[in-house]
Structures are given as structure tokens and as C-alpha cells.
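Asks: Got a sequence here, can you model it:
(one chain, ligands or ions: 1)
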Amino acid sequence: MTGKETDDPFAHLHDEDYARPFAGRMATAETLVTLAGRTLTSLDGEWRMTLDLFDEGLRQRWFALDETPPSQWAVPRDYEIEAGDLVPVPSCWNVLKPEWTYFEGGAWYTRWFDWPGEGEGERIVLSFGAANYAALVFLNGVHAGGHRGGSTPFCIEVTEQLKAGRNRLQVYVENRRQADRVPMHHFDWFNYGGLYREVALVRLPRVFIRRASAALTGESAQIRFEIELSDPVTGVAEVQISELGLKASVPLVAGRGTALVPAAVERWSPENPCLYEVRFAFGADTVSERIGFRTVATRGTDILLNGKRVWLKGVCVHEDDLALGKVTNEADIRRRLQHARELGCNFLRLSHYPHHELVPRLADELGFMLWAEVPVYWAIDFANPETLADARNQLSELILRDINRASIILWGVGNENADTDARLAFMADLAATAKRLDPSRLTAAACLINRETFTIEDRLAAHLDVIGLNEYFGWYEPNFTSLDRLLANSSPDRPVIISETGADAAPGHRGAGRVLFTEDWQAEFYRQQFTRIAATPYVVGLAAWLLYDFRTERRQTGFQRGFNRKGLIGADKETRKLAFEALAACYRGLKARA
Ligand code: GCB
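Replies: Residues are numbered from 1 along each chain as shown. Next up is the predicted model:
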């Protein structure tokens with residue numbers, strides 16, 4: 001069936017155009033709404049979930065079925081909401097039942113909620129933290145919207161579909177690995193599926209603040225306030241930072257406006273992560289959040305924070321948990337940042353996709369610099385305009401969500417993508433998108449090495465502020481002499497960060513010399529790497545690969561057993577390997593340069 005009812009009960013068996021009616025109403029960066037300081041009605045908790053490997057729910061329009069009990073069905077059905085499993089949201093289905101561990105396909109989530117009704121002129125938006133990879137949302141049997149991209153938030157307005165009283169919300173989430181997606185079908189992490197971040201309802205006035213940002217401009221002591229409304233109205237918004245006695249007006253034309261306001265702010269830095277409560281108000285709407293003010297720039301091969309050179313002592317981290325999969329929470333994030341602190345870090349790379357929005361919030365509060373990125377990872381269908389639109393949208397959603405996070409200094413637009421003209425055009429577009437949406441931060445990507453001449457060589461570098469370099473000399477390549485050549489041969493005109501280096505170690509596995517998968521070699525590997533990296537003036541940071549071991553089905557030796565073991569700490573997030581202290585000692589030794 002293609003949206004209309006038919007008398008033929010078997011029509012859906014032959015309709016391969018079944019998804020077409022749901023292609024519209026896509027939530028994008030354009031429809032995202034800032035949640036800063038808003039009161040949300042949480043829809044987390046128990047939902048019913050039914051797997052759907054064949055998109056049967058779309059073919060048969062399961063979402064439109066009434067709730068007649070099975071004893072009263074006139075004709076048989078293939079779907080019964082109550083027959084689904086009770087599952088928590090947020091969650092990844094892969095960790096809920098052993099038989100769902102490797103499931104890649106679709107699942108229907110259903111829950112009911114009571115709604116008291118909205119006030120005069122109010123608008124109601126459904127907000128999703130993320131759903132991997134694509135989602136279709138149905139409220140009271142009606143298609144309300146959809147989203148693609150597995151790690152970014154989205155908002156769907158449901159003012160029209162929402163009823164006072166009992167409502168039925170259904171979300172079809174689907175995590176197939178496909179050639180046109182970002183990432184594509186081949187990546188080195190686990191393909192968790194589900195509604196794995198928070199779901200909530202948000203009440204908004206008829207005209208509301210869609211986004212609001214405040215950032216320090218250049219080295220001058222001016223804050224640039226920027227506001228965008230839901231509608232193209234003209235008026236005046238108010239901004240306020242009470243602690244500074246700052247109050248200013250932002251004139252809005254066609255729903256948008258900016259104002260430059262002089263302000264004597266104390267600068268945010270890892271050593272002094274000071275934040276100010278910033279309030280934005282327009283008409284009946286107010287949003288507020290804690291914002292840090294700092295500048296970030298490059299000069300030659302240096303990265304400057306508040307005009308001063310910084311060396312990024314970093315570690316990469318995936319969003320992965322033995323018990324929860326991609327689900328995280330405040331305690332998990334605080335533990336992660338505490339481990340990074342004990343390692344001596346001032347920097348984390350949130351690889352390889354947008355992490356939970358609480359990560360940059362806590363990094364703001366605790367004082368870490370971050371690299372945040374989108375999963376333009378390895379092979380991507382670079383020539384496909386729809387894939388580019390998807391990647392651009394994921395990047396835009398990430399930037400708009402985190403625009404006020406002082407901790408984020410770098411937007412990563414990709415990782416180790418083979419050099420073709422199509423890739424160059426695709427990724428240059430992303431770098432330009434990042435600059436257009438956010439000129440206050442730097443762009444980066446994990447770039448390429450010419451393995452014949454052993455030089456850093458990537459046409460993309462010209463489009464970036466910072467060159468990321470993933471290199472595994474001493475691990476995938478047996479010795480360090482090629483690294484010596486590479487570092488000596490290259491003379492980049494902009495800063496380089498080693499955006500990954502690392503070696504696997506199975507926790508507890510020991511041995512002397514270059515014995516792969518031992519903790520001893522992993523520790524020695526870091527000592528060898530670090531001596532070289534720290535002695536190279538144009539390298540201004542390292543993001544070690546990585547903090548914790550993580551699940552990935554690509555890795556199947558006895559040492560790996562479905563895990564990438566390059567963690568400095570095991571997958572239990574407790575067991576420190578020898579390399580943890582080895583790298584910590586390297587970072588301590590670097591203090592004088594920072
Ligand atoms: C890389 C990738 C990263 C992998 C890592 C590895 O270069 O960027 O995602 O997990 O190497 O362990 O091989």
C-alpha cells in the first residue's frame with residue numbers, strides 16, 4: 001500500500017514503493033530547537049518494542065492499526081503492540097537480549113502518554129537526543145516526521161497531531177549499514193541500534209527562540225550574540241549576563257539578529273573553566289545556559305587559546321559500554337573525564353561521531369578542550385549528493401547543538417578518507433559548512449600520508465585549520481623509522497595533531513620486546529611514539545587511541561574477541577593497562593611546553 005487503503009489484503013506483498021509516503025517531513029538542522037534551560041516533559045522509561053526486519057510495519061501500516069484486542073479482530077494481523085517486549089528508552093536493543101546482539105534492521109517503539117492539552121497559541125515539539133540510524137515518528141497513527149543520521153538530535157513539531165488526553169507515540173528506528181549512509185557499511189565500532197538518547201516533549205510559545213549563541217569575537221573584549229526565531233518576525237530580543245551587569249538588546253529582522261556587546265569577561269580555559277549564566281529572551285520565550293568565553297585561533301603551526309600557545313595532551317574515546325552499549329549518563333561521562341584528568345589530559349577527541357550533549361557540557365565545567373566530529377569515516381559514497389546532504393546535516397545539527405560549548409575548539413569533518421576528487425569536494429564542502437555556521441572554531445580532519453615519499457600529503461589540508469594525522473608506526477607498521485622519516489620530511493604550513501596513535505594490548509597479557517598484544521609493548525610503543533612526537537615542533541597535540549577498549553565485530557583474534565584492545569583501560573572501564581601510566585608519565589614530562 002502506498003498510503004491509501006485498498007481492498008486487497010495482500011497488496012503490500014508486492015509493493016516495493018512502500019517507503020515513499022514517509023520520505024517527507026524530515027527533521028533537519030533547520031528544525032532543531034535549542035533546549036537550553038527549557039522545561040521538558042520526559043518520555044523516557046518503558047516502551048514496547050517489536051523487531052521488524054522487513055519493514056513490514058511500513059508495508060502494512062502497523063502504525064495506523066487501532067488497539068482492538070486480538071479476541072475481537074475480524075481479520076488476522078502481524079503486529080500487536082502489547083506483544084512487543086517492554087524495553088527502557090534510552091537503550092540499545094543489542095544489549096537487551098542475547099538474540100538481539102547482532103540485530104541490524106528496524107524496530108517499532110511504542111509508548112502512551114497523557115497530555116493535559118496546550119495553552120493558547122502554544123506549540124509542542126518532540127525532541128530526540130538521537131536514534132541510530134534512521135527514525136520515522138508517528139503520533140496517534142499519523143506520520144509526524146523522520147530523521148536520518150545516527151548521533152545527532154532532532155525535533156519534530158506535533159502541535160497538530162497531539163490530543164488532550166491519551167496519545168500513542170510510535171517510532172520506527174532502523175540501523176542498517178548502507179552504502180549511501182554516513183558512515184557507510186564498514187567502520188571500526190559496533191553498530192548499536194535503537195532510541196539510545198533521551199526523548200521529551202517541549203512546550204513553546206507561538207513564536208520561540210530556535211537558537212541563541214554567545215561567543216567572544218577575536219581578541220577584542222566583545223561578545224557576539226546571535227538569535228534566530230521560529231518565525232520571520234521583526235522585534236527586539238534581550239540578552240543578559242547578570243554576573244557582569246550586562247544587559248543588551250538584539251534587534252531582529254525577519255526572525256534573525258546579532259549584536260556585538262563590549263564585555264570584560266574572565267576567559268574560559270582548562271585551568272580556569274569559568275562559565276557565566278547567559279539569558280536570551282524574546283516575547284514569551286526565554287532560554288538560558290552557562291557559557292564560557294574564550295578565543296581559539298592558529299598562528300603558523302601553533303594553536304592559540306586566548307592568544308596563548310597550547311599543546312593538546314589528549315585521548316580519544318568512543319561512546320561504548322559493556323552493559324549499555326552507546327547509552328551513557330552523567331556518572332559514565334564524569335568517570336571518563338576523571339580518567340582523562342588522571343592521564344594528564346587537557347583534550348579529548350570524541351571519535352568518530354557526535355557524542356551525548358552532556359559530554360561538552362561537563363567538559364565546559366571541568367576544563368577540557370574537545371574535538372567533536374561527524375562519522376565521515378573511511379569509504380563514503382562521496383559522489384552521491386544525498387549522502388553529502390546527510391553529512392552536511394549531521395555536521396550542522398552537531399554544531400547548532402553545541403554552539404555554546406567553550407570546550408569544543410575543533411570541528412572534525414572526516415577520518416582517513418581516500419583521496420579522490422569527489423572526496424575533496426565533499427569534505428571541502430563540510431569544512432566550509434563548519435566555517436559558515438561557526439567562524440569562531442577551527443576545522444580539522446584525519447588526513448593522509450603519501451607512503452612513497454613519507455610526507456603528510458592531502459589536498460584536503462588546504463581547506464582545514466588543523467591537520468589531523470592518524471599514524472600507527474610501531475604497530476601496523478613494524479618500526480618507527482618510517483615515522484622518523486615522515487616527521488622529518490614534512491613541513492606543514494599549519495598545526496598538526498596526531499589525531500590517533502596506539503597499539504592493542506589484551507589486559508594482563510605480558511611479554512618482553514615487541515610482542516604484539518602485550519601490555520608491555522603497548523606501554524613501550526607510547527614511550528617511543530611520544531619521544532618523536534614531542535620533538536617535532538609543528539606537532540602541537542596528541543589524541544592517543546584510546547581511553548577504553550570497545551566492541552567492534554571486525555576484530556576476532558583470541559586477543560580481541562570482538563573488541564578493539566587499544567584502550568589504555570579495559571572495556572570494564574577499570575582495569576588500567578601499563579600504557580596508562582606510561583602515557584601519563586609522557587604527558588607529565590611535557591608540562592614545561594604547555
Ligand atoms: C584508525 C581508525 C580507528 C580505528 C583505529 C584502529 O585509524 O581511525 O577508528 O579503530 O585506526 O584501531 O585500527
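Asks: Neighbours of the residue in the stretch 401-550 of the chain positioned nearest to the ligand, how many?
Replies: The ligand sits closest to Asn470 of the stretch 401-550 of the chain, with a gap of 4.2 Å, by Cβ to the nearest ligand atom. C-beta here means a position set from N, CA and C on the backbone, and glycine is covered the same way. Look at Asn470: counted by other Cβ atoms under 10 Å, it has 19 neighbours.
Asks: And the pLDDT at the closest residue to it other than its chain neighbours?
Replies: The shortest distance from Asn470 to any non-neighbouring residue, by Cβ to Cβ, 6 or more residues apart in numbering, is to Glu500 (3.9 Å). Looking at Glu500, its pLDDT reads 98.
Asks: So which bits of the stretch 401-550 of the chain are right by the ligand?
Replies: Neighbours of the ligand within the stretch 401-550 of the chain, by Cβ under 6 Å from any ligand atom: Asn415, Glu416, Asn470, Glu500, Trp545.
Asks: How about residues contacting the helix or strand where His147 lies?
Replies: According to DSSP states H and E, His147 maps onto strand 142-148. Contact partners of strand 142-148, identified using Cβ atoms under 8 Å, 6 or more residues apart in numbering, comprise 21-23, 25-28, 63, 126, 128, 131, 133-138, 154, 156-158, 161, 181, 390, 393.
Asks: Low-confidence regions, the chain specifically.
Replies: Along the chain, the model assigns pLDDT under 70 to residues 1-7, 219, 591-594.
Asks: looking at it, which residue lies furthest from center?
Replies: Ala74 (46.5 Å; Cα atoms, centre = their mean).
Asks: residue contacts, Arg554?
Replies: Counting by Cβ under 8 Å, 6+ apart, Arg554 touches Asp188.
Asks: Enumerate every residue touching the residue lying closest to Thr518 once chain neighbours are set aside.
Replies: Leaving aside its chain neighbours, Thr518 sits nearest to Gly511 (4.0 Å; criterion: Cβ to Cβ, 6+ apart). Neighbouring residues of Gly511 by Cβ under 8 Å, 6+ apart: Thr518, Asp520, Trp521.
Asks: The second one contacts Ala512, doesn't it?
Replies: Yes: counting by Cβ atoms under 8 Å, Asp520 does reach Ala512; the two are 6.4 Å apart.
Asks: sorry, back to before: which one of the contacts of Gly511 is nearest to Ala363?
Replies: Closest to Ala363 out of the contacts of Gly511 is Trp521 (31.3 Å), distances taken as Cβ to Cβ.
Asks: Doesn't the closest one belong to a helix?
Replies: Yes: the assignment for Trp521 by DSSP: H, G, I helix; E, B strand; the rest coil puts it in a helix.
Asks: can I assume it is in contact with Gly513?
Replies: Yes: contact between Trp521 and Gly513 holds when scored by Cβ under 8 Å: they sit 7.4 Å apart.
Asks: list the contacts for the residue in the chain positioned nearest to the ligand?
Replies: Going by Cβ to the nearest ligand atom, the ligand is nearest to Asp188 of the chain, at 3.7 Å. Taking Cβ under 8 Å, 6+ apart, we find Asp188 in contact with Thr552, Arg554, Arg555, Asn564.
Asks: Need those in CSV (columns: distance to Val466).
Replies: What follows is those, written out as CSV (distance: Cβ to Cβ, whole Å):
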residue, distance to Val466
Thr552, 27
Arg554, 28
Arg555, 29
Asn564, 25
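Asks: now Thr41: how far from Arg565?
Replies: Thr41 is 42 Å from Arg565, where distance means Cβ to Cβ, to the nearest Å.
Asks: The two: who's more crowded?
Replies: The neighbour comparison of Thr41 against Arg565 (other Cβ under 10 Å) goes to Arg565, with 25 against 14.
Asks: now the more buried one, nearest residue through space, not along the chain?
Replies: Closest residue to Arg565 apart from its sequence neighbours, by Cβ to Cβ, 6+ apart: Asp504 at 4.1 Å.
Asks: Phi, psi for that neighbour please.
Replies: Per-residue torsions, Asp504: phi -80, psi 150 (degrees, to the nearest 10).
Asks: contacting residues around it?
Replies: Counting by Cβ under 8 Å, 6+ apart, Asp504 touches Trp475, Leu516, Phe517, Gln522, Phe559, Gln560, Asn564, Arg565, Lys566.
Asks: Out of these, list just those in strands.
Replies: Among the contacts of Asp504, the members falling in strands (DSSP state E) are Asn564.
Asks: quick one: which of the contacts of Asp504 has the most company?
Replies: Counting neighbours by other Cβ under 10 Å, the top entry in those is Gln522, with 28 neighbours.
Asks: So that residue sits against Ala506, correct?
Replies: No: at 9.6 Å, Gln522 and Ala506 do not qualify as touching, with contact defined as Cβ under 8 Å.
Asks: Make sure the residue nearest to Asn470 is actually in contact with Ile533.
Replies: No: look at Glu500 against Ile533 with Cβ under 8 Å: they stay out of range, at 11.9 Å.
Asks: that older thread, got a PyMOL select line for the buried ones in the contacts of strand 142-148?
Replies: Provided next is the PyMOL selection string for whichever of those are buried by 16 or more other Cβ atoms under 10 Å:
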select buried, resi 22+26+27+28+63+126+128+131+133+134+135+136+137+138+154+156+157+158+161+181+390+393
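Asks: buried subset of the residues of the stretch 401-550 of the chain next to the ligand?
Replies: Using 16+ other Cβ under 10 Å, the buried members of these are Asn415, Glu416, Asn470, Glu500, Trp545.
Asks: so what's Ile241 up against?
Replies: By Cβ under 8 Å, 6+ apart, the contact set of Ile241 is Ile223, Ala263, Tyr276, Glu277, Val278, Arg279.
Asks: same thing but at 6 Å, please
Replies: The contact partners of Ile241, by Cβ atoms under 6 Å, 6 or more residues apart in numbering, come to Tyr276, Val278.
Asks: What of Val317?
Replies: By Cβ under 6 Å, 6+ apart, the contact set of Val317 is Leu348, Leu546, Leu547.
Asks: Leaving out the residues flanking it, which one is nearest to Ser499?
Replies: Per Cβ to Cβ, 6+ apart, closest to Ser499 is Gly468, 3.3 Å.
Asks: any idea what that neighbour is structurally, helix, strand or coil?
Replies: Going by three-state DSSP: Gly468 is strand.
Asks: So it is in contact with Thr501, correct?
Replies: No: here Gly468 does not reach Thr501: they are 11.3 Å apart, not a contact under Cβ atoms under 6 Å.
Asks: Looking at those two, which one has more neighbours?
Replies: Taking other Cβ under 10 Å, Gly468 and Thr501 do not tie; Gly468 has more neighbours (28 against 25).
Asks: where exactly do the strands run in the stretch 301-450 of the chain?
Replies: Along the stretch 301-450 of the chain, counting by DSSP state E, counting those that start in this stretch, strands occupy 302-305, 308-309, 312-317, 347-350, 369-373, 408-415, 442-447, 449-450.
Asks: circling back to that earlier point, and the buried ones among the residues of the stretch 401-550 of the chain next to the ligand as JSON lines, adding distance to Ala434?
Replies: What follows is these, written out as JSON lines (distance: Cβ to Cβ, whole Å):
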{"residue": "Asn415", "distance to Ala434": "15"}
{"residue": "Glu416", "distance to Ala434": "18"}
{"residue": "Asn470", "distance to Ala434": "20"}
{"residue": "Glu500", "distance to Ala434": "20"}
{"residue": "Trp545", "distance to Ala434": "23"}
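Asks: That concludes my questions; thank you for your assistance.
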